[in-house]
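**Q** sequence first, predicted coordinates after that:
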Amino acid sequence: MFRRRTGIKVQRHFVYGRKGTYRQRPSRVLLYGSGNTGQTSACIPPVIINDAEQPIKDVEVEPQPARSSRHYERKQSELNDWMDATTTIDHALLGNWAPHSKNCKNCNAVLNTEFIRCLDCGPTVVYCHTCMATIHQHNVLHFPEVWTCNTFLPYSSGIKAVNTGHSSECGVSVWRIVNAFDDKGRCHHLNIKFCSCEEEVTTIIKLNLWPATAKCVKVAFSIELLKWMEVLLLECQVSTKGFCEALTLKNDLQPFEVNQLKELIRKETVFEFRHSYYKMRNISDDGTVCPACPKDGGTKFVSLDANFGLVRKKNSGHSLEPPKHENRYFVADGKVQEFVGHYNDCSSSKECHRFKAGDKVRSKSCSDKMDITGVFGCVCRHEFPIKFMNLQHGERLAYPVFLLHNLLSSAATDQHLNITYDIACVLFSHLKKEN
C-alpha cells in the first residue's frame, strides 16, 4: 500500500561526469511525514521532523554561481581594457593638438614662434616657412597647418602655381586657375600652365587628376577620390549626391566649393571615369568569357530566361551617345528586331498549354507605354553572363531562337551545348517543326 508523501523538496546538486561534462543530478530531501524514510539519498541524509514537536521549516539552499561562457569572458575582458585606456586615449588626443617637435624636419632649425605641420607628409612632421614653401612646391595637394593661438589652423598659402614643364618652344601657353579636390575631398586652388602642344585633359591627367569637363577645364577631382566613390557606389549603394554631401560635411566646404563639387552630379564626369578605368582594368580580358567553362570541345551548359521587370518607358528620353560597352554583352537592337520581324514563331504545340509565354498572340498584351518590355539572356552553369538582348514584345520564341543562333556561331565545332529553359518543350517542338 502506498502512503502519500508530504513535505518533499527537490534539491539539485552539481556533479562532474565523465570527460569533464557538467550536469545536474536531483536528490530528494525528506522534510517530514515520509512513508518510506529508510530509502534516502546517498549524498544527503534524510531530515525527519516530528509534526508534534517542531514546526515545519524550509531548507535554505545557497544558489550556485552561474558559469560564464568564454565568449562572455572575452567581451568582458575587452571592455575592461578599453575602460582602463580611456583616460590615456583622451590625453593622447589632446596631445595631438600641440606640436610634437620644435625642430624643422628638413633643416633641423629650432622653431620658437610658428610651427607648420603637414599631416599628409607625416603625423609628426614640422617645417619652417622656408622649407615648407620649398617642399610643397610639388606637393600641391597637401594641406599644411600653422600653430597659432594655441591651436593648428589651415595655412593659407593662396593660389598654388603648378608648372607643367612646358616652355615657349612647345607652343602657346596659358595659365588658368583650376579648383581641384584631393583624395580627402579638400578643395585646392591651383594655377596650372596649359600649352597648345597637348590637350588640356592630358595635362590634368598627368597631375593625377580627372577633369570635370573635356574642354576649358576649371574643376578637377583626384583620381583616388573617384575610385573611392565608385567603391561606395557599388558596395554600399551610396549615390553621387550623397557622396558630395558627405564630403561637404566632413571638410566644411564653402558654398562656392560645394557648387563646384556638384559638377560630379551635373556632368558626365563619373560615367566617363568609370568607363575609362573599366577599360584599363580589362585590357587583356574584357570579362565576357567564363574561366571555368570549356573553350574547345566538351559540354557547355547554358540557361535561358527572360526578366520582365527590367523595363524602359518611352518618356524616359533617348541617349545622345552610343552604348559605351557596344556589343560586349547586349546584342544590337537593330539585329534583334530585324530577325524577330521576319521570323515565324507561331506555335501550335500542345505541351505546357497553361504556360503561354512563348505564344506570339499572348505577347501582344504588352503595354504601349513601354519602349523596352524586358531583357532576355543566358548564363552558363557558373552564373556567368553570356549574351542578352532587349525585348520589345513578350517572350516570343523568336528571341531564344536568335540567341541559339548566336551561341552556335561563337561555339567551337566540337563543342556540345546543353540548353535549359522553362518552356524548353515548346521551344523543342517548334525547332523540330521548323527543322
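**A** Now that the structure is in, tell me what you want to look at. Numbering: from 1, shown residues only.
**Q** all helices of the stretch 251-400 of the chain, in order?
**A** All helices of the stretch 251-400 of the chain, identified by DSSP state H, counting those that start in this stretch, fall at 255-261, 263-266, 269-281, 333-342, 398-410.
**Q** show me what contacts the closest residue to residue 391 other than its chain neighbours?
**A** Leaving aside its sequence neighbours, residue 391 sits nearest to residue 374 (Cβ to Cβ, 6 or more residues apart in numbering; 4.3 Å). Every residue, glycine included, has its C-beta placed from N, CA and C. If a contact means Cβ atoms under 8 Å, 6 or more residues apart in numbering, then residue 374 has 306-311, 390-391, 395 as its contacts.
**Q** filter those to the buried ones?
**A** 306, 311, 390-391, 395 (16 or more other Cβ atoms under 10 Å).
**Q** helices of the stretch 1-150 of the chain, residue ranges please.
**A** For the stretch 1-150 of the chain, applying DSSP H, counting those that start in this stretch gives helices covering 70-95, 129-135.
**Q** deepest in the core, which of the ones you listed is it.
**A** helix 129-135 (a mean of 16; mean count of other Cβ atoms under 10 Å).
**Q** please save the CA atoms from it in PDB.
**A** Output of helix 129-135 as PDB, limited to C-alpha atoms (Å, rounded to 0.1, in the frame of the first residue of the first chain):
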ATOM      1  CA  HIS A 129      58.300  78.700 -43.600                       C
ATOM      2  CA  THR A 130      61.200  78.400 -46.000                       C
ATOM      3  CA  CYS A 131      61.300  74.600 -46.000                       C
ATOM      4  CA  MET A 132      57.500  74.400 -46.200                       C
ATOM      5  CA  ALA A 133      57.500  76.500 -49.400                       C
ATOM      6  CA  THR A 134      60.300  74.500 -51.000                       C
ATOM      7  CA  ILE A 135      59.000  71.100 -50.200                       C
END
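**Q** export the helices of the stretch 251-400 of the chain to TSV and tack on mean pLDDT?
**A** Output for the helices of the stretch 251-400 of the chain, formatted as TSV (pLDDT from 0 to 100):
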stretch	mean pLDDT
helix 255-261	84
helix 263-266	75
helix 269-281	87
helix 333-342	88
helix 398-410	89
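**Q** nearest to residue 209 among the contacts of residue 374?
**A** Set against residue 209, the nearest of the contacts of residue 374 by Cβ to Cβ is residue 310 (35.9 Å).
**Q** before we move on, the earlier item: could I get the buried ones among the contacts of residue 374 as TSV with pLDDT?
**A** Below are the buried ones among the contacts of residue 374 laid out as TSV (pLDDT from 0 to 100):
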residue	pLDDT
306	90
311	86
390	91
391	88
395	78
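**Q** what's the domain layout of this structure?
**A** If you go by automatic domain parsing, the domain ranges for the chain are 1-65, 160-281, 299-434.
**Q** now distance to residue 102 too, for the ones you listed, in CSV please.
**A** Formatted as CSV, those follow (distance: least, Cβ to Cβ, whole Å):
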stretch, distance to residue 102
domain 1-65, 57
domain 160-281, 27
domain 299-434, 55
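**Q** relative to residue 96, which of the ones you listed is closest?
**A** Between the domains of the chain, domain 160-281 lies closest to residue 96; by Cβ to Cβ that is 17.3 Å.
**Q** can you pull out the strands in the stretch 1-150 of the chain?
**A** Secondary structure of the stretch 1-150 of the chain (DSSP state E, counting those that start in this stretch): strands at 8-16, 22-30, 116-117, 126-127, 145-148.
**Q** for residue 148, which non-adjacent residue is closest in space?
**A** Nearest non-adjacent residue to residue 148 (Cβ to Cβ, 6+ apart): residue 114, at 6.8 Å.
**Q** ok, the one you found - contacts?
**A** Here residue 114 is in contact with 129, 146-148 (criterion: Cβ under 8 Å, 6+ apart).
**Q** one more pass at 7 Å, please.
**A** 146-148 (Cβ atoms under 7 Å, 6 or more residues apart in numbering).
**Q** picking that back up, so which of the domains of the chain is nearest residue 92?
**A** Nearest to residue 92 among these is domain 160-281 (22.2 Å), distances taken as Cβ to Cβ.
**Q** how long is that closest one end to end?
**A** Across domain 160-281, the terminal residues are separated by 33 Å (Cα to Cα, to the nearest Å).
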